[in-house]
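Enquirer: Here is my input, please return the structure:
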Amino acid sequence: MADRDERISRRKFIGQGVAAAVGAGVAGAVTNVYAQTGEAPKPVSDTAAEESKPEIQGYRRFGRTGYKVSDIGFGNARMQDPSLLEYAIERGINYVDTARQYFDMEKVVGQIFPEKRDKVFVTTKLEPETVTADVSEADLTKAIEESLERLNTDYIDCCLIHSVGDPNLGDITRIQNPNVVAAFEKARKAGKIRYWGASAHGPEMFRDFNWLIDNTDIDVIMPGMNYMTKGLEPVLAKAKKKDVAVVAMKSLSAARKVDFSAYKKDGRTIRQALLKWMLAQPNIDTISITMSSFSDVDEFVGASGKPAPVGDERKKLEEYGMLLDRDYCRPGCDACLGSCPTDVPIHDIMRYRLYFNNYGNEKYAMGLYAGLPASKQAAQCASCAGPCAATCPHSLPIREKLMRAHAELTI
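Expert: Next comes the predicted model:
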């Protein structure tokens, strides 16, 4: 209720004209300057309350695009109120992530255009099922044009292939289809997109990212990665060598419903420590984070441009990692693929449980699980010896987790 009241009051405030003049005029113009220069922002309001709000302190060169993006980026798959995005822009955020798959977020982002179009770098993603091994160039072009219409703009800064490395969507041939690159290049020449790339958090994302970087002129990659992810470093180094921009996503996905009180000190939070740790890693340009409230924006922006965690803050971060070590299924890990004798899709069910428990998307997760054939659901695990557990390099109790998932997700 507090978040709802905050959204309503913020929208009302903007509607009165004061914040509209400040946000769209001063803040918008200043943010555009930051995007080009990378200089630290200055307060955009005369009021003490506004001046006390955190501002983006770090802007980074976004690969070969040359654009300077805020080190903290805006993402929110379920956003319904554009005033939340407007507030983020006022705080200095100029990187916005959306997707056709994210319900109507493209349309909500489009509500602030054309007024604020030049204030943000917008990345959207094609629906995962669109890109197949035999999709035509014409169908891909149509999908891009549909996103343009939904976003209420005549160009997209970057358009991504969504969810590469997901075996449910096909093998590597889906990204090797020459029509994919041809469609992006055609759209680029027509001015409909400026850059293209790929996103992934599936078990085979390392393989697909490596192929794209080695064999195409891809501009941007967006991997799922966080404090618990290991093994992605060579991919990021290769991307940097070829001047491919890197956007980290799902950087707080393991932290959604953890009790943070034990890790909070002097106003600092464990989520800020996680973001600062991420930003201190080499070869990351920005982090796309789901922001569901104005307080989320303030908290996450508060990590911008800050040094890596040290001392007590680093110790608390390590304690947090130990807490999750044998609980969190890491993006990009494919060790358990093929280990189930009845072909239960372990990685999918683990992801559905993450949506249910960590993201608060209970109905969505239950719907996805209900879509699995009964023969693929985790009820099979009750009578299984659990050979999958022996394959996990992180010693996760996979069988037990799948059984809990079945109990939680069954309608």
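Enquirer: Going by C-alpha atoms from here, please, whenever you check contacts or count neighbours.
Expert: OK.
Enquirer: Now do the strands in this structure.
Expert: Using DSSP state E, the strands of the chain run over residues 59-61, 68-70, 72-75, 95-97, 121-125, 156-161, 193-200, 220-223, 245-248, 286-290.
Enquirer: could you dump those strands to a markdown table with mean pLDDT?
Expert: As requested, those are exported to a markdown table (pLDDT from 0 to 100):
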| stretch | mean pLDDT |
| --- | --- |
| strand 59-61 | 98 |
| strand 68-70 | 98 |
| strand 72-75 | 97 |
| strand 95-97 | 98 |
| strand 121-125 | 98 |
| strand 156-161 | 98 |
| strand 193-200 | 98 |
| strand 220-223 | 98 |
| strand 245-248 | 98 |
| strand 286-290 | 96 |
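Enquirer: okay, the residue at minimal distance from the centre of the chain: pLDDT?
Expert: With distances taken as C-alpha atoms, centre = their mean, the residue of the chain nearest its centroid is Met249 (3.4 Å). Looking at Met249, its pLDDT is 95.
Enquirer: Just send the strands of the chain back as JSON lines, with distance to Gly231 too.
Expert: Output for the strands of the chain, formatted as JSON lines (distance: least, C-alpha to C-alpha, whole Å):
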{"stretch": "strand 59-61", "distance to Gly231": "24"}
{"stretch": "strand 68-70", "distance to Gly231": "26"}
{"stretch": "strand 72-75", "distance to Gly231": "23"}
{"stretch": "strand 95-97", "distance to Gly231": "25"}
{"stretch": "strand 121-125", "distance to Gly231": "25"}
{"stretch": "strand 156-161", "distance to Gly231": "22"}
{"stretch": "strand 193-200", "distance to Gly231": "14"}
{"stretch": "strand 220-223", "distance to Gly231": "12"}
{"stretch": "strand 245-248", "distance to Gly231": "14"}
{"stretch": "strand 286-290", "distance to Gly231": "18"}
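Enquirer: how about the ones you listed, which one is nearest Ile213?
Expert: Closest to Ile213 of the strands of the chain is strand 220-223 (C-alpha to C-alpha; 8.9 Å).
Enquirer: May I see the strands of the chain organised as CSV, with distance to Ala273 and mean neighbour count added?
Expert: Output for the strands of the chain, formatted as CSV (distance: least, C-alpha to C-alpha, whole Å; neighbours: other C-alpha atoms under 10 Å):
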stretch, distance to Ala273, mean neighbour count
strand 59-61, 19, 22
strand 68-70, 18, 27
strand 72-75, 13, 27
strand 95-97, 21, 24
strand 121-125, 26, 23
strand 156-161, 29, 24
strand 193-200, 24, 24
strand 220-223, 20, 26
strand 245-248, 15, 23
strand 286-290, 13, 25
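Enquirer: Can you give the domain ranges for this protein?
Expert: Partitioning the chain according to automatic domain parsing yields domains covering residues 2-317, 346-409.
Enquirer: for this structure, what are the low-confidence residue spans?
Expert: Applying pLDDT under 70 to the predicted model, the residue ranges of the chain that meet it are 1-51, 253-267.
Enquirer: Now do stretch 238-247: distance from first to last residue.
Expert: Using C-alpha to C-alpha, to the nearest Å, the span of stretch 238-247 from its first residue to its last is 14 Å.
Enquirer: Just the buried residues of that stretch, please?
Expert: Along stretch 238-247, these residues count as buried under the neighbour rule (16 or more other C-alpha atoms under 10 Å): Lys238, Ala239, Lys240, Lys242, Asp243, Val244, Ala245, Val246, Val247.
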